[in-house]
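K.L.:
kindly return the folded structure for what I paste below:
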Amino acid sequence: MLNKPSLKIKPQIERGISILKQGGLVAYPTDTVYGLGACVSLPQAVERVYKVKERPQNMPFPWLLADKSQITKFAEPVPPVAWLLIHSFLPGALTIVLPKSNPVPDSITAGGATIAVRIPAHPVPVALVEGLGTPIVGTSANLSGRPSPLTADEVYSQLGDKVDLIIDGGRCPGGKESTIVDVTGETPVVLREGTISREELEQICGSILFKEGD
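P.N.:
Down below sits the predicted model:
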């Protein structure tokens, strides 16, 4: 079970929830690197994240959820190997790519048929999602192609005043991005090896592939 946010940071979280509800952007600490969040159900807010990060529009953003029970609301079907990974590594540094469910509009998955989700092992983003009542964008709070920030100061040095709030939760403990695994095919495919290693994944999945070039 995750620790609750400290009393010191709660006012920042409450302000962050209010900003997200109004279509604003909030940077926040996670168990890996600092993330840049927007409410996924507000297309204009998601559009702002693309602009702030200078990210190509054809690259969809991962979503951060608060708990495992939300996964089947946004993804269908969820194959057995996905549940093995989910129960083994979430909450944690695993981003898992699944077939999106019909209610999820194409406009917020860049027109694709899949959705990438993660449940971070950090109380701040979980509290933001719970307070907002819907997932938030889970991309790193950096300019595309630049290093992912580990502190609030590093977020500000890249994004400056383009973000409505930077929640300062200290240095991120992970220091490395999440591992991304696509489970939409017969065999899981690692799209990015991050905090969770190849060996750890193979212990759970057995057979696993890696994207060409990795």
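
K.L.:
helices of this protein, start to end?
P.N.:
10-21, 43-53, 71-74, 80-89, 123-132, 152-159, 198-205 (DSSP state H).

K.L.:
could I get the buried residue list for the fifth one?
P.N.:
Okay, so that is helix 123-132. 123, 124, 125, 126, 127, 128, 129, 132 (16 or more other CB atoms under 10 Å). For the C-beta atoms, the positions are set from N, CA and C on the backbone; glycine is no exception.

K.L.:
put the alpha carbons of it into PDB.
P.N.:
The C-alpha trace of helix 123-132 is given here as PDB (Å, rounded to 0.1, in the frame of the first residue of the first chain):
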ATOM      1  CA  PRO A 123       1.400   9.200  -3.500                       C
ATOM      2  CA  VAL A 124       1.300  12.500  -5.300                       C
ATOM      3  CA  PRO A 125       0.200  11.400  -8.800                       C
ATOM      4  CA  VAL A 126      -2.200   8.800  -7.300                       C
ATOM      5  CA  ALA A 127      -3.800  11.600  -5.100                       C
ATOM      6  CA  LEU A 128      -4.100  13.800  -8.200                       C
ATOM      7  CA  VAL A 129      -5.900  11.100 -10.200                       C
ATOM      8  CA  GLU A 130      -8.200  10.300  -7.200                       C
ATOM      9  CA  GLY A 131      -9.000  14.000  -6.600                       C
ATOM     10  CA  LEU A 132      -9.600  14.600 -10.300                       C
END
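
K.L.:
which strands and helices sit next to that helix?
P.N.:
Other helices and strands packing on helix 123-132, by 3 or more CB pairs under 8 Å, 6 or more residues apart in numbering; DSSP states H and E, are helix 10-21, strand 26-28, strand 35-37, strand 63-64, strand 136-137.

K.L.:
counting by contacts, list what the longest one packs against.
P.N.:
Think helix 10-21. Using 3+ CB pairs under 8 Å, 6+ apart, helix 10-21 sits against strand 26-28, helix 123-132, strand 165-166.

K.L.:
residue 199: which of the ones you listed is closest?
P.N.:
helix 123-132 (27.1 Å; CB to CB).

K.L.:
residues in contact with that closest one?
P.N.:
2-5, 9, 13-14, 16-17, 20-21, 26, 28-30, 35, 37, 39, 64-67, 91, 119-120, 135-136, 138, 167, 169 (CB atoms under 8 Å, 6 or more residues apart in numbering).

K.L.:
if we use 7 Å, what do you get?
P.N.:
2-5, 9, 13, 16-17, 20-21, 26, 28-30, 35, 37, 39, 64-66, 120, 135-136, 167, 169 (CB atoms under 7 Å, 6 or more residues apart in numbering).
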